[in-house]
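Novice: no sequence on this one, just coordinates:
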């Protein structure tokens, strides 16, 4: 893992301009997506600080209260301020999902590269192990994990990472196998380069864009998985709440059209749509090249 | 007689960052009915762009700025997209460079050949099929009645190219555009395709535009040649005039680049004894199998220090496999490779770093051999650090030195391969091999992707480096005229067999192995009428009885013009030595060949093992 980080870092420092120019976003939808993501990333850090009320303060006697000047998104089933609770839930939703995505993609990409570079029985063992994992439905897997170990933030991260690693592995391996056959990789092999040099210096930079796209997609899937876990009551445990649990807690307000159930759902939607818009614009650009 | 096609003031530009960069600056030319006009020039000269403009088409990113293209008094450039669709494939048709890429692999050939007739409703399906079969026959395709039922992967490259001509001619277009139709083919196949094309074009009185970079090919096909450079017409004249009295300097340089000069140093190299000292690289009894198929058999090869050895053959002859086996990318099933008398491990991953350094391989295609995300400096610095432990300023200075060695400016070090031209990339590719300070460089068709002039410059550079650095080369090529000019020794491969081996200059006079003869006769010559006069692939092969079953026979039996009943179809030939010193795999000693008398002593060098 340490090799990975240092190599990527050197690539970045040696050509910072080109890296940005390769991924710069031109379309309007991409800008909107980028803005949404930046907004939520900032909120994940400062959200709890700027929230007008404490996450667990009972601020109103009005349950499922409407939107008002004091309570921007109304109040929940216990009379707590939804706006503050959404902001306090941001670090959970984004932080857990981001950590899980980074773990899933790093493990998937590295094992994919190793499998593609070594071929033969190493490839067969890694690929079949990943196939075994991919055959387990992710939600079922998550339920079993929570049932056996109890729900906690580290467990959720590990669980989501394991569930989404095989997909990342499949994509990385398919990309790497293509790049591996190119002459410049053969040149490196003939020079006697180590596998680490070949996969991180020759192959990885040339599959970075699709891997990044996959990263974004996987992030969305993990947000949705964690939200649905929380909705089932198996995710982040009360009194803390991520967006999924906020939807669940306030589900009884749905009949009354309470903003308490709509606001966290809108937050989930805006994040996933934002990520998708950004990914699409990157994908469009790569298609022109 | 009026002109059928008249192009005037044609200008095409590329849009880049809001500004137009012109790539064709006002082309004017015209064609009479039944005339064949050639557009000739290097890559980037605008020849394909002009050819596509004739159909009112500009490639992605390009657009036609100005001018007119009159075909049969219709201005193609003023037509609407719907009208253009009616003209394309009907009035004007196009034969692309790579037929393999132009055919749909999942449809039968017949369906694709008659497709444009169906779209334009020029005749019924039955009529179109009958017409296609007639065209197949005219194009000398085998089994004309049946070939249409096959799929594209079931016919050879040369056949596919001819089938594409049938596709273009099915609607009897007024104008046919041929875009480098034989560039991707072997010389021996090219000659068949050219003959077929020429016959059809003459018989049908077709008007054609032939796009090519190869002046010798064009000389066979065209009545008139337009020489292009950087989007400008340099010269426009009759073929005869261009070949005999070129006016423009650029035309002259094109003509001279076509004839590789024989190097003087080859003669003095030849005097060195072949067997006294240990060869730098030796290949002994090499055999390589892909699955059950033997792709190389019984290959022996010695390369002395500072020598250049050429390997030639058609595609599929095993020449690239030979080089890949030497560097350790492919493992042989039999035989060994020795460096300075010491055996090398079969696989590159088992060889020492020092061994890897001493044998460098230059890939054919510089586009894929250079990592597009690395700068030139990174590409060249890596072997310096890896093999020689160079760092910092010393490394940077050496990179600049290497760039200088391959005649590139130091400013190029900061660029990436995508920002370089084809010739520059090939120089970087070569410089990277030189950075390792190797003893031998294996060059796999290093000039075949380049323009004639650029390729000649690369060869010049390599000869220079050989003198300066005393490095040896193994030169793989399909171009026999080039190889015999620059190599001390030449090996001719045919379907995995070494059929002839001898000194480079010995390939300038007969006798040869029949296959070598065929290769030499197939190289287009820069004179009109060569296509009709050359004997290659023309004469009827002597008829022989069915070959003896279950016996390994001469690999060239099916195509040999010197085969003999009772000998060639019965027993395997042995290696014999011709008087001029060449070793051939043949039954004949060519004592009397094509009217010339040579008294040869027939020496049995090594009878091929019966097991082979």
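Specialist: Alright, I've got the coordinates. The structure presented is a predicted model; accordingly, all values stated were derived computationally and were not measured. Numbers count the residues shown, from 1 in each chain, chains lettered A, B, ... in the order given.

Novice: every contact and neighbour count from this point should use C-alpha atoms.
Specialist: Will do.

Novice: and for residue B:389, the neighbour number?
Specialist: Residues near residue B:389, counting by other C-alpha atoms under 10 Å in any protein chain shown, number 11.

Novice: and it, how far from chain A?
Specialist: 14 Å (C-alpha to the nearest C-alpha, to the nearest Å).

Novice: then residue B:257?
Specialist: 29 Å.

Novice: tell me which element the closest residue to that residue other than its chain neighbours falls in.
Specialist: The shortest distance from residue B:257 to any residue other than its chain neighbours is 5.5 Å, reached at residue B:453 (C-alpha to C-alpha, 6 or more residues apart in numbering or on different chains). Per DSSP states H and E: residue B:453 is located in helix B:452-469.

Novice: tell me which parts of the stretch 51-200 of chain A are close to chain B?
Specialist: Selection of the stretch 51-200 of chain A residues close to chain B by C-alpha under 8 Å from any C-alpha of the partner chain yields A:182-185, A:187, A:189-192.

Novice: quick revisit: could you point out which element follows the helix holding residue B:453?
Specialist: Assigned by DSSP H and E, the successor of helix B:452-469 is strand B:472-477.

Novice: that following strand pairs with which strands, and in what direction?
Specialist: strand B:308-312 (parallel), strand B:440-444 (parallel) (DSSP bridges).

Novice: point out where the stretch 101-250 of chain B drops to low pLDDT.
Specialist: Counting by pLDDT under 70, the stretch 101-250 of chain B contains no low-confidence segment.

Novice: can you tell me the average pLDDT over stretch A:209-217?
Specialist: Averaging pLDDT along stretch A:209-217 yields 86.

Novice: list the buried ones in that stretch?
Specialist: Neighbour-count burial for stretch A:209-217 flags A:209-217 (criterion: 16 or more other C-alpha atoms under 10 Å in any protein chain shown).

Novice: so it, near chain B or not?
Specialist: No - Stretch A:209-217 lies out of reach of chain B by C-alpha under 8 Å from any C-alpha, never closer than 12.4 Å.

Novice: pick out the residue in the stretch 301-450 of chain B sitting closest to chain A.
Specialist: residue B:369 (4.2 Å; C-alpha to the nearest C-alpha).

Novice: chain A contacts on chain B?
Specialist: Residues of chain B lying near chain A (C-alpha under 8 Å from any C-alpha): B:327-329, B:348-349, B:353, B:356-357, B:361, B:363, B:368-371, B:373, B:383.

Novice: picking that back up, what about the residue of the stretch 301-450 of chain B closest to chain A, how many neighbours?
Specialist: Based on other C-alpha under 10 Å, the number of other residues close to residue B:369 is 22.

Novice: correct me, but residue B:362 touches residue B:441?
Specialist: Yes - counting by C-alpha atoms under 8 Å, residue B:362 does reach residue B:441; the two are 7.0 Å apart.

Novice: quick check: buried residues in the helix or strand encompassing residue A:166?
Specialist: Per DSSP H and E, residue A:166 falls inside helix A:153-180. Residues A:155-173, A:175-177, A:179-180 are the ones in helix A:153-180 that count as buried (16+ other C-alpha under 10 Å).

Novice: what of stretch B:94-106?
Specialist: Quick answer for stretch B:94-106 (16+ other C-alpha under 10 Å): B:94-100, B:103.

Novice: ok so, going back, and the helix holding residue A:166, what does it pack onto?
Specialist: Packing partners of helix A:153-180 (3 or more C-alpha pairs under 8 Å, 6 or more residues apart in numbering or on different chains; DSSP states H and E): helix A:96-118, helix A:120-134, helix A:138-149, helix A:208-231.

Novice: most tightly packed of those helices?
Specialist: Sort the helices and strands packed on helix A:153-180 by mean neighbour count, taking mean count of other C-alpha atoms under 10 Å in any protein chain shown, and helix A:96-118 sits at the top with a mean of 23.

Novice: hmm, who's touching that helix?
Specialist: A:122-124, A:126-127, A:153, A:156-158, A:160-174, A:176-177, A:180, A:195, A:199, A:204, A:211, A:215, A:218-219, A:222-223, A:226 (C-alpha atoms under 8 Å, 6 or more residues apart in numbering or on different chains).

Novice: could you check the angle that helix makes with helix A:208-231?
Specialist: Between helix A:96-118 and helix A:208-231, the angle comes out at 140 degrees (axes from the mean of the first three to the mean of the last three C-alpha atoms, to 10 degrees).

Novice: the helices in the stretch 401-550 of chain B, which residues?
Specialist: B:422-435, B:452-469, B:480-486, B:514-522, B:530-533 (DSSP state H, counting those that start in this stretch).

Novice: pull the contacting residues for residue B:394.
Specialist: Residue B:394 touches nothing, counting by C-alpha under 8 Å, 6+ apart.

Novice: in what helix or strand does it lie?
Specialist: Using DSSP H and E, residue B:394 falls in helix B:392-405.

Novice: got the buried residues for that helix?
Specialist: B:395-396, B:398-403, B:405.

Novice: what about residue A:90, helix or strand, and which?
Specialist: helix A:82-90.

Novice: tilt between that helix and helix A:96-118?
Specialist: 30 degrees.

Novice: residue B:160 against residue B:98, yeah?
Specialist: No - if you go by C-alpha under 8 Å, residue B:160 and residue B:98 don't touch, sitting 9.1 Å apart.

Novice: give me the number of residues near residue A:91?
Specialist: 24.

Novice: would you agree it is in contact with residue A:44?
Specialist: Yes - judged on C-alpha under 8 Å, residue A:91 makes contact with residue A:44 at a distance of 4.4 Å.

Novice: check the offset of stretch A:70-90 from the chain's centre.
Specialist: Centre-to-centre, stretch A:70-90 and its host chain are 24 Å apart (C-alpha atoms, centre = their mean, to the nearest Å).

Novice: span of that stretch from start to end?
Specialist: End-to-end distance of stretch A:70-90: 21 Å, with C-alpha to C-alpha, to the nearest Å as the criterion.

Novice: check stretch B:94-111 too.
Specialist: Note: stretch B:94-111 ends 17 Å apart using C-alpha to C-alpha.

Novice: circling back to that earlier point, can you list the helices of the stretch 401-550 of chain B in JSON lines and add distance to residue A:58, mean neighbour count and mean pLDDT?
Specialist: Below are the helices of the stretch 401-550 of chain B laid out as JSON lines (distance: least, C-alpha to C-alpha, whole Å; neighbours: other C-alpha atoms under 10 Å in any protein chain shown; pLDDT from 0 to 100):
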{"stretch": "helix B:422-435", "distance to residue A:58": "70", "mean neighbour count": "24", "mean pLDDT": "89"}
{"stretch": "helix B:452-469", "distance to residue A:58": "80", "mean neighbour count": "17", "mean pLDDT": "83"}
{"stretch": "helix B:480-486", "distance to residue A:58": "89", "mean neighbour count": "23", "mean pLDDT": "81"}
{"stretch": "helix B:514-522", "distance to residue A:58": "93", "mean neighbour count": "21", "mean pLDDT": "86"}
{"stretch": "helix B:530-533", "distance to residue A:58": "97", "mean neighbour count": "16", "mean pLDDT": "80"}
